[in-house]
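K.L.:
fold the following.
(one chain, ligands or ions: 2)
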Amino acid sequence: MIQLKTEREIEVIARGGSIIAGLFRELRGRIEPGTSTGALDRFAEEFIRSHEGAVPAFKGLYGFPGSVCTSLNEEVVHGIPSFKRRLKEGDILSIDVGVRLEGWCSDSAWTFPVGELDERTRNLLTVTEESLYLALEAAVVDSHVGDIGAAVVSRVDGTGYGIIRDLVGHGLGREVHEEPQVPNVGCPGQGPPLMEGMVLAIEPMLSAGTHRIHTLDDGWTVVTGDRSKSAHFEHTIALTQDGPRVLTGVVPPAYRVLAGPAPGPRSG
Ligand code: MG
Ligand code: MG
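P.N.:
Ligands and ions are numbered 1, 2, ... in the order given. From the prediction side, this is the model:
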């Protein structure tokens, strides 16, 4: 069942979302060659917990061991942070963060460059980020969930990149994952109708090659089937009569969605 949120509840989620936006601003300068994903995870946990009443929502979720997910290069999502895993020049690192504040969840992901990227990898990040913004714009009251996936497809078509379709966005609120599912492929006008008070995590994931994925033996890490690089950008939004309100950062002025409470990072 889809749980609609009140304005007061959405304000709490926005306060949690602004913690994530602030964390990404802090992380950006710490993502450099030689840093371990374990060190980034520890920083993230301390940053989140330094805000009264906030905890990392992913820690222990379904048994996940980290505070955040750190997915490197061909890893799509659910990478486990490790002090043995060090970043190298030219890598890309996706960090997925959930915050629970006063019982309400927010969820956002960003793919960061490590040093200088080759042009094809940089373009993968750009297309994925832009597909997120188009998807956010499509999330308006009286449209449908399928319009969101269709917006992702409209940006990715013709690029040769794969849209990871076995993983989806989702509603969230008291729980990190609630109904409805929000696929990254879809047809306009199809799927559940979008209503005022819905809170959704919209999160396109692309690969530089195949859309097929595979879970490693650790039971968590999802990688691309051909080990091509993968990027992941995610915001939590609330659907309002004035349009989608981003709760986990801001988007560039070229995109018209309502600004959230705190600026988020840009890739590149
Ligand atoms: Mg996430
Ligand atoms: Mg999510």
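K.L.:
ligand 2 contacts on the chain?
P.N.:
For the chain, the residues in contact with ligand 2 (Cβ under 5 Å from the ion) are 107, 201. To be clear about C-beta, it is placed using only N, CA and C from the backbone, and glycine gets the same treatment.
K.L.:
low-confidence bits of the chain, can you list those?
P.N.:
Scanning the chain with the threshold set as pLDDT under 70 gives 259-268.
K.L.:
quick check: residues of it near ligand 1?
P.N.:
Residues of the chain found near ligand 1 (Cβ under 5 Å from the ion) are 96, 107, 109, 234.
K.L.:
switch the cut-off to 8 Å
P.N.:
Counting by Cβ under 8 Å from the ion, the residues of the chain close to ligand 1 are 58, 69, 77, 96-98, 107-109, 201, 203, 232, 234.
K.L.:
and the residue nearest the centre of the chain, what is it in contact with?
P.N.:
By Cα atoms, centre = their mean, the mean C-alpha position of the chain lies nearest to residue 234, the distance being 2.4 Å. Neighbour list for residue 234: 96, 107, 108, 109, 110, 132, 169, 201, 202, 203, 204, 248 [criterion: Cβ atoms under 8 Å, 6 or more residues apart in numbering].
K.L.:
most surrounded residue in those residues?
P.N.:
Highest neighbour count within the contacts of residue 234: residue 204, with 32 neighbours (other Cβ atoms under 10 Å).
K.L.:
returning to what we had before: filter the contacts of residue 234 down to the ones in helices?
P.N.:
residue 132 (DSSP state H).
K.L.:
can you lay out the contacts of residue 234 as TSV showing distance to residue 184?
P.N.:
Shown next, in TSV, are the contacts of residue 234 (distance: Cβ to Cβ, whole Å):
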residue	distance to residue 184
96	15
107	15
108	16
109	13
110	16
132	10
169	7
201	12
202	9
203	8
204	5
248	18
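K.L.:
which outside residues touch the helix or strand encompassing residue 223?
P.N.:
Using DSSP states H and E, residue 223 falls within strand 222-224. Applying Cβ under 8 Å, 6+ apart, the contact partners of strand 222-224 are 71, 74-78, 162, 164, 167, 207-210, 212-216, 230.
K.L.:
what about the helices in this protein?
P.N.:
Secondary structure of the chain, counting by DSSP H: helices at 7-28, 37-49, 119-138, 145-156.
K.L.:
would you mind putting the ones you listed into a markdown table with distance to residue 103 alongside?
P.N.:
Below are those laid out as a markdown table (distance: least, Cβ to Cβ, whole Å):
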| stretch | distance to residue 103 |
| --- | --- |
| helix 7-28 | 8 |
| helix 37-49 | 15 |
| helix 119-138 | 25 |
| helix 145-156 | 25 |
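K.L.:
of those helices, which is nearest residue 180?
P.N.:
Proximity to residue 180 (Cβ to Cβ) singles out helix 145-156 among the helices of the chain, at 5.7 Å.
K.L.:
for the closest one, enumerate the helices and strands it packs against.
P.N.:
Packing partners of helix 145-156 (3 or more Cβ pairs under 8 Å, 6 or more residues apart in numbering; DSSP states H and E): helix 119-138, strand 162-163, strand 178-182.
K.L.:
which of these sits closest to residue 221?
P.N.:
Set against residue 221 and scored by Cβ to Cβ, the helices and strands packed on helix 145-156 come closest in strand 162-163, at 17.8 Å.
K.L.:
direction included, what does the closest one pair up with?
P.N.:
Strand pairing for strand 162-163, determined by DSSP bridges: strand 205-207 (antiparallel).
K.L.:
for the partner strand, give me every contacting residue.
P.N.:
Residues from elsewhere that reach strand 205-207 (Cβ under 8 Å, 6+ apart): 76-77, 124, 127-128, 131, 156, 161-164, 167, 184, 224, 226, 228-232.
K.L.:
what number of residues lie near residue 64?
P.N.:
17.
K.L.:
verify the stated contact: it with residue 56.
P.N.:
No: contact between residue 64 and residue 56 fails when scored by Cβ atoms under 8 Å: they sit 9.7 Å apart.
K.L.:
hang on, the earlier thing: between the helices of the chain, which gets nearest to residue 253?
P.N.:
Across the helices of the chain, closest to residue 253 is helix 119-138 (Cβ to Cβ), at 10.8 Å.
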